[in-house]
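**Student:** 3D model of this:
(2 chains)
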Amino acid sequence: MPISEWFLETGPIWLSIRLAFVTTLILILIGAPLAWWLSQTRSVFKTAVEAVIALPVVLPPTVLGFYLLVLLGPAGAIGEFWLQFSDQSLTFSFTGLVIASIVYSFPFVVQPLQNAFEDIGSAIVEAAWTLGAGPLDTFFTVIVPLASRGFLTAAVMGFAHTLGEFGVILMVGGNIPGETRVISIAIYDHVESMNYQSAHRLSILLLVFAFCALFLMYFFNRRWRYQR
Amino acid sequence: MNLFFLQYKPSVNALIYGLALTLCCFSSAFAESAGVAVAGNFRLTAQELIAEFKEVSGYSLSMSSASSGKLYAQVINGAPYDVFMSADADRPKRLEEADHAVAGSRFTYALGGLVLWSADERYKGENCLQVLQSLNFRRLAIANPNTAPYGLAARQTLLHLGLLRQMDGRLAVGENIAQVLQFVKSLNASIGFIARAQTYHPNIGIGGCRWEVPEEYHQPIQQQVVLLNRGADNIAAKEFMIFLKSTAAQNIIKRFGYKLPAVRLKSADK
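**Tutor:** Take a look at the predicted model:
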């Protein structure tokens, strides 16, 4: 197989993995503090924030995609700022897809983390405080290890959900090889142009990966439950 | 309990009557009606055609609109359509060859035109072709050349102009011609190749620049219609196929920015 053809076939796979990896990393970094705050706060805004976070679960990708296209575009609030700052347009770019994926997969990372944090309970945290641990120390040496199941679930869900993203990317991506043509878009293209064999190859890959990821997640979750 | 029952029973009756009435309506509608599958770019025009057809013949048609590729896949999987108005000639031909459509019923109902268009006021008063040639833009939107006939024509135009190579890293590829317009209209793409018919849409607004692509820059965009097997004995569907060749229908098609094939001989369409 010539190199260019090989890239056409496998390029979308690597791009999807890169997108999912970057998105999950950023989501864990911003999701963990937010989930911690949600698990502890008694603020009146808690319910409202929870509802906003869960929005991508219920909204159709067309709604997210449409708003992102407007917001990230050169005439939109975020897109205009980005254009002046970097002289690059956000739509039809990898960076734009990362932003879109963060919005799209947000609840799938924040909710497992929040559940894990809530399960820990205040007794252990207060014990750590009385033993002289500072807030950051407590978070990294007590809470994070105890919530490792939550972190695993959050990472797997965030990664797999981003890998399976389609509608939003179709609307803001622009189908650019190496930049925005991810695996789901490539499959769609193959089906539309009646290349059913290529569509099969990519689809079965995604199916097997999704099963393995979920299987491993449930497997480890179960083992940890028995250990504790 | 009794009271509840009394309140409840009439609504059950109403439901049954309502259901019966609905079924009646549907079955009577099926008798003299047909389903038309219409390529996305022709949607507005088809609406007008179907309305006019109802005036003259009394038959009411139901319309489903999607990309030609999707409609094609639906038809081979048994979708309830009687007539298929595609945006290309290839798919109706395939349907005919695979015995999904009535042999010999296929003809070109419209010729599509390509327009290079911008919504950006920055380009007001400028020549869109010059904007393209001087690479004075960030993104050019085209439809997917592998799946959309207007995308293929756009690609051929770029090839003809010797600009295809230079478009690397400047293209944004829409899934269909409607998405291309959406990219251009929202200014996400500075310019784009859209269908001439789209510039006739009432909400198009004032563009920045516009260039009519000469017909000889790309292969003709022959939009063909075919009578599907399901409609082979449907009077409404067969009448509609005849209606499409009438002067009244052709006037509507022309009014929406399409051209008509020069010679309407059967051999010319094959």
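
**Student:** Show me the strands in the stretch 1-150 of chain B, by range?
**Tutor:** For the stretch 1-150 of chain B, the strands defined by DSSP state E, counting those that start in this stretch cover B:33-39, B:60-66, B:83-85, B:107-112, B:114-118, B:140-143.

**Student:** pLDDT below threshold where in chain A?
**Tutor:** Low-confidence segments of chain A, defined by pLDDT under 70: A:1-8, A:225-228.

**Student:** Up against chain B, what does it have?
**Tutor:** Within chain A, the positions near chain B by Cβ under 8 Å from any Cβ of the partner chain are A:69-70, A:72-75, A:89, A:91-92, A:170-171, A:174-176, A:188-189, A:191-194. All C-beta atoms are positioned from the backbone trio N, CA, C, and that covers glycine.

**Student:** Buried ones from these, can you make that a PyMOL selection?
**Tutor:** To isolate the buried ones among those in PyMOL, judged by 16 or more other Cβ atoms under 10 Å in any protein chain shown, type:
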select buried, chain A and resi 69+70+72+73+74+89+91+92+170+171+174+175+176+188+189+191+192+193
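
**Student:** Show me the residues of chain A next to chain B that map onto helices.
**Tutor:** A:69-70, A:72, A:170-171, A:188-189, A:191-192 (DSSP state H).

**Student:** ok, of those residues, which one's closest to chain B?
**Tutor:** When those are compared for distance to chain B (Cβ to the nearest Cβ), A:E192 wins out at 4.3 Å.

**Student:** Please look at the closest one and B:S68 and confirm they touch.
**Tutor:** No. Counting by Cβ atoms under 8 Å, B:S68 is not a contact partner of A:E192; they are 9.6 Å apart.

**Student:** Which helix runs longest in chain A?
**Tutor:** Under DSSP H, chain A gives helix A:3-40 as its longest helix.

**Student:** which ones are touching A:T130?
**Tutor:** Neighbour list for A:T130: empty [criterion: Cβ atoms under 8 Å, 6 or more residues apart in numbering or on different chains].

**Student:** for B:M63, that is, sorry about that
**Tutor:** B:M63 neighbours (Cβ under 8 Å, 6+ apart): B:35-38, B:43, B:46-47, B:50.

**Student:** so how far is chain A from it?
**Tutor:** B:M63 sits 21 Å away from chain A, taking Cβ to the nearest Cβ, to the nearest Å as the criterion.

**Student:** List the buried residues of the longest helix of chain A.
**Tutor:** A:8, A:11-13, A:15-17, A:19-20, A:22-24, A:26-28, A:31-32, A:34-36, A:38-39.

**Student:** swap in stretch A:85-104?
**Tutor:** Applying 16+ other Cβ under 10 Å to stretch A:85-104 flags A:89-104 as buried.

**Student:** I'd like to know which of these is nearest to B:E96.
**Tutor:** Comparing those against B:E96 with Cβ to Cβ places A:F92 closest, at 37.8 Å.

**Student:** list the contacts for residue 152?
**Tutor:** You didn't say which chain, so I picked chain A. A:217, A:220-221 are the contacts of A:L152 under Cβ under 8 Å, 6+ apart.

**Student:** Actually, chain B is the one I wanted.
**Tutor:** Per Cβ under 8 Å, 6+ apart, neighbours of B:L152: B:145-146, B:218-219.

**Student:** these two touch, right, A:L146 and A:A123?
**Tutor:** No. Counting by Cβ under 8 Å, A:L146 does not reach A:A123; the two are 11.7 Å apart.

**Student:** neighbour count winner among these two?
**Tutor:** Neighbours were counted for A:L146 and for A:A123 using other Cβ atoms under 10 Å in any protein chain shown; A:L146 has more, 17 against 8.

**Student:** Tell me the secondary structure at B:Q223.
**Tutor:** Here B:Q223 is strand, with the state taken from DSSP: H, G, I helix; E, B strand; the rest coil.

**Student:** Pretty sure it sits against B:A87.
**Tutor:** Yes. Look at B:Q223 against B:A87 with Cβ under 8 Å: they come within range, at 5.4 Å.

**Student:** any residues in contact with both of the two?
**Tutor:** B:39, B:42, B:112, B:149.

**Student:** what's the neighbour count on the third one?
**Tutor:** Okay, so that is B:G112. For B:G112, using other Cβ under 10 Å, the count is 24.

**Student:** that older thread, may I see the strands of the stretch 1-150 of chain B arranged in CSV, with mean pLDDT as well?
**Tutor:** As requested, the strands of the stretch 1-150 of chain B are exported to CSV (pLDDT from 0 to 100):
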stretch, mean pLDDT
strand B:33-39, 92
strand B:60-66, 90
strand B:83-85, 97
strand B:107-112, 95
strand B:114-118, 95
strand B:140-143, 95
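
**Student:** Mind checking these for the one nearest to A:F139?
**Tutor:** Closest among those, using Cβ to Cβ: strand B:140-143, at 46.9 Å.

**Student:** So what are the sheet partners of that closest one and their directions?
**Tutor:** Note on strand B:140-143: by DSSP bridges, its sheet partners are strand B:171-174 (parallel), strand B:191-195 (parallel).

**Student:** Pick the most deeply packed of those.
**Tutor:** Neighbour counts (mean count of other Cβ atoms under 10 Å in any protein chain shown) averaged over each of those peak at strand B:191-195, with a mean of 29.

**Student:** what residues does that one touch?
**Tutor:** By Cβ under 8 Å, 6+ apart, strand B:191-195 touches B:41, B:112-118, B:120, B:123, B:128, B:131-132, B:137, B:140-143, B:150-151, B:153-154, B:157, B:172, B:174, B:177, B:180-181, B:183-184, B:209, B:213, B:257.

**Student:** Repeat that for stretch A:63-77.
**Tutor:** A:56, A:78-80, A:82-83, A:89-91, A:96, A:99-100, A:103-104, A:167-172, B:138, B:182, B:186-188.

**Student:** Residue 180: what's it in contact with?
**Tutor:** Defaulting to chain A. A:15, A:92-94, A:96-97, A:169, A:173-174.

**Student:** look at chain B instead
**Tutor:** By Cβ under 8 Å, 6+ apart, the neighbours of B:V180 are B:141-143, B:150-151, B:174, B:189, B:192-194.

**Student:** I would like a PyMOL command selecting only the buried ones among the contacts of B:M63, please.
**Tutor:** Buried members of the contacts of B:M63, defined by 16+ other Cβ under 10 Å, are picked up in PyMOL with:
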select buried, chain B and resi 35+36+37+38+43+46+50
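
**Student:** Save the contacts of B:M63 as CSV, and put in distance to chain A too.
**Tutor:** Shown next, in CSV, are the contacts of B:M63 (distance: Cβ to the nearest Cβ, whole Å):
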residue, distance to chain A
B:G35, 22
B:V36, 21
B:A37, 16
B:V38, 17
B:R43, 18
B:A46, 21
B:Q47, 22
B:I50, 26
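
**Student:** Please tabulate the contacts of B:M63 in CSV, including the columns distance to B:R94.
**Tutor:** Below are the contacts of B:M63 laid out as CSV (distance: Cβ to Cβ, whole Å):
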residue, distance to B:R94
B:G35, 20
B:V36, 19
B:A37, 14
B:V38, 18
B:R43, 22
B:A46, 21
B:Q47, 26
B:I50, 25
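
**Student:** Quick one: name the residues of the stretch 101-250 of chain B near chain A.
**Tutor:** Residues of the stretch 101-250 of chain B lying near chain A (Cβ under 8 Å from any Cβ): B:138-139, B:141, B:144, B:146-147, B:171-175, B:179, B:182-183, B:186-189.

**Student:** again, 6 Å this time
**Tutor:** With Cβ under 6 Å from any Cβ of the partner chain as the criterion, the stretch 101-250 of chain B meets chain A at residues B:138, B:146-147, B:172-173, B:186-188.
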